[in-house]
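Asker: heads up, no residue letters with this:
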């Protein structure tokens, strides 16, 4: 479940998102960015089974994918493959605006073991490519631009919600996939392979997610990750864009946001639930990250309305409830 303000989401012990993108009958979800009053945006390293397409609508954006950090230039897009550890590094480009589509590839191939899945989907999602960069070269006939336009048209269909819009979305996603398939290298590699360093980071985050509600230290994370503290910090900086302790604190605050949004528990009880026993430290940390107090945050959640929607995308409003994916 996404938090209505931060876009922060819950992740299981393996960093797999506990979010249903779309619905089983139509597994496609659209997420917008650009809330005007927010002073902070959450970002998390995570992975999911679905394909994720992020388009840089306004400004550049940096995205971490396994071992790489990719700068997506304004007007370009990136397609992140299934089960790839990734996060959007918003702090690097805080004024940028993105649009994201997350979809299960079943929307392309229809049913398991179909020829479409075997011939045209598996060669892409089972390749050794973590991502595909879609570039608008501004040249006539550029396939990257055509692919991006198809994804943008899918977003427009979703915004319009006119009769038959689901068909329009499906057609545009299939159009984009066809263009991608015809223009990128394919592979017969079965299953993605991750570097040992990425797996070590996953193990460390796994430990944090299992134990954030307890008193844990850098020594604890390091010991359970079989890494020295210096190596642990170095890998976190590279792949997660923050230190292990910063990640731990943000994860605690993210979970506190969830409790503030969906329960009436007292702030002190919530602080204890997320592993912060000192209420003053909790209040200071919360305000530093969220730019508002826990009480103000709870009130803000209650007051969210139609004013909080994006109006920077092609003169069309994204429906309220769109939140950033990280």
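Answerer: On my side now, so go ahead. What you see is a predicted model, and the numbers here were worked out from it, not measured in a lab.
Asker: not counting its neighbours along the chain, what's nearest residue 289?
Answerer: The shortest distance from residue 289 to any non-neighbouring residue, by CB to CB, 6 or more residues apart in numbering, is to residue 253 (5.0 Å). No exception for glycine: its C-beta is placed from N, CA and C like everyone else's.
Asker: and the host helix or strand of that neighbour, what's buried?
Answerer: Following DSSP states H and E, one finds residue 253 within helix 244-262. For helix 244-262, a neighbour-count test (16 or more other CB atoms under 10 Å) marks 244, 247-261 as buried.
Asker: likewise for stretch 63-74?
Answerer: The neighbour-count check on stretch 63-74 (16+ other CB under 10 Å) flags 63-66, 70, 72 as buried.
Asker: which pair of these spans the longest distance?
Answerer: The largest separation in the buried residues of stretch 63-74, counting by CB to CB, is between 66 and 72 at 15.7 Å.
Asker: what count of nearby residues applies to the nearest residue to residue 76 once chain neighbours are set aside?
Answerer: Among residues not flanking residue 76 along the chain, residue 135 sits closest, at 5.2 Å (CB to CB, 6+ apart). Residue 135 has 17 neighbouring residues, counting by other CB atoms under 10 Å.
Asker: need the contact list for residue 135.
Answerer: 73, 76, 142, 144 (CB atoms under 8 Å, 6 or more residues apart in numbering).
Asker: tell me the one of those nearest residue 86?
Answerer: residue 76 (16.1 Å).
Asker: for this structure, give me the ranges with low pLDDT.
Answerer: Applying pLDDT under 70 to the chain flags residues 1-20, 33-44, 92, 186-195, 304-326.
Asker: before we move on, back to that, for the residue nearest to residue 76, what are phi and psi?
Answerer: phi -110, psi 130 (degrees, to the nearest 10).
Asker: cool, and the one 3 residues further on?
Answerer: The phi/psi pair for residue 138 (degrees, to the nearest 10) reads phi 70, psi 10.
Asker: now it: closest residue in space, sequence neighbours ignored.
Answerer: residue 145 (7.7 Å).
Asker: got the contact list for the host helix or strand of the one you found?
Answerer: Assigned by DSSP H and E, residue 145 belongs to helix 143-160. By CB under 8 Å, 6+ apart, the residues outside helix 143-160 that reach it are 28, 30, 53, 55, 75-77, 99, 101, 133-138, 165, 168-169, 172-173, 175-176, 179-180, 182-183, 313-314, 316-319.
Asker: buried ones in it?
Answerer: 144-148, 150-159.
Asker: residues in contact with the nearest residue to residue 86 once chain neighbours are set aside?
Answerer: Excluding its sequence neighbours, the residue lying closest to residue 86 (CB to CB, 6+ apart) is residue 65, at 4.7 Å. Contact partners of residue 65, counting by CB under 8 Å, 6+ apart, are 78, 80, 84-86, 130-131.
Asker: surely residue 177 touches residue 103?
Answerer: No - assessed by CB atoms under 8 Å, residue 177 is found out of contact with residue 103, at 9.7 Å.
Asker: can you pick out the most distant pair from the contacts of residue 65?
Answerer: 78 and 85 (14.2 Å).
Asker: spell out the secondary structure type for the nearest residue to residue 229 once chain neighbours are set aside.
Answerer: Distances taken as CB to CB, 6+ apart place residue 222 nearest to residue 229, at 4.6 Å, with adjacent residues excluded. For residue 222, the secondary-structure state derived from DSSP: H, G, I helix; E, B strand; the rest coil is helix.
Asker: wait, residue 222 sits on residue 234?
Answerer: No - applying CB under 8 Å as the test, residue 222 and residue 234 come out as separate, 11.6 Å apart.
Asker: so these two - more neighbours on which side?
Answerer: Using other CB under 10 Å as the criterion, residue 222 and residue 234 rank with residue 222 on top: 19 against 14.
Asker: how much space between the more buried one and residue 141?
Answerer: Look at residue 222 and residue 141: by CB to CB, to the nearest Å, they are 53 Å apart.
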